[in-house]
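*Asks:* Here's my sequence, what's the structure:
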Amino acid sequence: MNLPGLVEKILWFATIGATAVLLLSIWREGLLGKYKWFVSYLGVRLAKSICLLFVPFKSDAYAKTYYGFEILIWILYTPVLLELYRLVLEQHPGIAQAGRKLVQYGIGIALLVSMITLPLDLKKPKHDYVLLHLFSVVERNVALVVVVLLLLIVAFFFYFPVRMNPNVIAYTVGYFFYFLTTTFVLFTRNLMGVAAIRTASLAGIIVGLACFVYWIIAIRRKNEALVPRAVAVWRPQDQKVMVAHLDALNASLLHMARK
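*Replies:* Here you go, the predicted model:
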């Protein structure tokens with residue numbers, strides 16, 4: 001095994017260990033119920049990594065195991081995003097409800113676009129494996145929509161000075177960078193091929209491991225209290241005005257939802 005391959009394997013095992021430690025830490029802090037979909041997502045990823053250790057590489061069983069777990073991970077994208085929107089917008093349930101609809105419509109549109117564009121993609125050369133290409137097309141489109149939806153919630157987080165607990169901040173920021181890196185690796189594989197995948201994959205594992213370490217350190221029971229946040233782009237007096245506008249929008253959306 002060459003040095004890059006050895007480093008990648010060591011980092012992969014380190015990521016498996018960090019995922020297990022993070023899940024154990026969340027359980028010990030009594031936060032499983034609060035972040036149940038995040039925990040489910042991590043649990044499926046951990047199970048996938050462990051199962052693949054015992055399946056021969058480049059075998060049919062390996063492919064079936066890999067893609068089976070990937071489909072489960074796709075399914076979890078929606079509840080994880082809904083959970084993020086609910087937690088970040090905890091003080092503004094009207095806006096959170098609108099955000100949930102946005103997530104559901106966004107994922108639905110991504111799947112629809114995948115089905116519509118698949119026949120066009122299959123007309124291109126080098127697509128002998130239809131199911132494999134279908135998987136890649138859906139994965140690419142869903143990942144792109146999830147990144148956009150994450151950008152929206154992160155933009156809200158950095159733009160509006162709403163109160164939020166430090167655990168939600170860690171969850172949101174960490175998951176954004178984690179998923180952004182995962183999507184970068186995916187697009188590198190689809191657009192640049194095998195030649196670039198090793199470097200991109202290594203970078204993805206390093207960033208992912210850093211996110212797990214960050215979550216292990218940051219997500220604690222003591223960090224569940226809401227804390228005021230200042231946003232650098234606004235002056236203190238303007239921040240109060242922005243929060244007032246946000247509260248008014250939230251009240252309007254709640255009123256519309258009750259009709």
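*Asks:* distance of the most centrally placed residue in the chain from Gly33?
*Replies:* In the chain, the residue lying closest to the centroid (CA atoms, centre = their mean) is Phe179, at 4.4 Å. In this structure, Phe179 and Gly33 are 23 Å apart, going by CB to CB, to the nearest Å. All C-beta atoms are positioned from the backbone trio N, CA, C, and that covers glycine.
*Asks:* what do you get for Ile75?
*Replies:* Applying CB to CB to Ile75 and Gly33 gives a distance of 20 Å.
*Asks:* between these two, which one's more packed in?
*Replies:* The neighbour count for Ile75 versus Gly33, taken as other CB atoms under 10 Å, is higher for Ile75 (13 against 7).
*Asks:* What strand or helix carries that one?
*Replies:* helix 60-88 (DSSP states H and E).
*Asks:* if we can go back for a sec, in contact with the residue nearest to the centre of the chain, which residues are there?
*Replies:* Phe179 makes contact with 143, 146-147, 150, according to CB atoms under 8 Å, 6 or more residues apart in numbering.
*Asks:* Sort out for me which of these are in helices.
*Replies:* Counting by DSSP state H, the part of those found in helices is 143, 146-147, 150.
*Asks:* now, among these, which is nearest to Gly68?
*Replies:* When the ones in helices among the contacts of Phe179 are compared for distance to Gly68 (CB to CB), Ala143 wins out at 18.0 Å.
*Asks:* give me phi/psi at the closest residue to the closest one other than its chain neighbours?
*Replies:* In space, and not counting its chain neighbours, Ala143 is closest to Thr183: 4.5 Å by CB to CB, 6 or more residues apart in numbering. The phi and psi torsions at Thr183 (degrees, to the nearest 10) take the values phi -70, psi -40.
*Asks:* Then Pro161?
*Replies:* Reported as degrees, to the nearest 10, the phi and psi values for Pro161 are phi -80, psi 60.
*Asks:* And the pLDDT for it?
*Replies:* We note a pLDDT of 75 for Pro161 in this prediction.
*Asks:* likewise Tyr105?
*Replies:* 80.
*Asks:* same check, this time on the one 3 residues further on
*Replies:* Per-residue confidence (pLDDT) for Gly108: 78.
*Asks:* Show me how far the helix holding Ile75 is from its chain's centre.
*Replies:* Computed by CA atoms, centre = their mean, to the nearest Å, the chain-centroid distance of helix 60-88 equals 9 Å.
*Asks:* how far does the helix or strand following it sit from the chain's center?
*Replies:* On the C-terminal side of helix 60-88, the closest following helix or strand by DSSP H and E is helix 93-122. Between the centre of helix 93-122 and the centre of its host chain there is 15 Å, according to CA atoms, centre = their mean.
*Asks:* cool, and stretch 13-26?
*Replies:* Worked out by CA atoms, centre = their mean, stretch 13-26 lies 17 Å from the chain centre.
*Asks:* could you dump that stretch to PDB, C-alpha only?
*Replies:* C-alpha atoms of stretch 13-26 as PDB (Å, rounded to 0.1, in the frame of the first residue of the first chain):
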ATOM      1  CA  PHE A  13     -10.600   4.400  10.800                       C
ATOM      2  CA  ALA A  14     -10.100   7.600  12.800                       C
ATOM      3  CA  THR A  15     -13.400   8.900  11.400                       C
ATOM      4  CA  ILE A  16     -15.200   5.700  12.400                       C
ATOM      5  CA  GLY A  17     -13.800   6.100  15.900                       C
ATOM      6  CA  ALA A  18     -14.800   9.800  16.100                       C
ATOM      7  CA  THR A  19     -18.300   9.000  14.900                       C
ATOM      8  CA  ALA A  20     -18.700   6.400  17.600                       C
ATOM      9  CA  VAL A  21     -17.300   8.700  20.300                       C
ATOM     10  CA  LEU A  22     -19.700  11.500  19.100                       C
ATOM     11  CA  LEU A  23     -22.700   9.300  19.300                       C
ATOM     12  CA  LEU A  24     -21.700   8.100  22.800                       C
ATOM     13  CA  SER A  25     -21.100  11.700  23.900                       C
ATOM     14  CA  ILE A  26     -24.500  12.800  22.700                       C
END
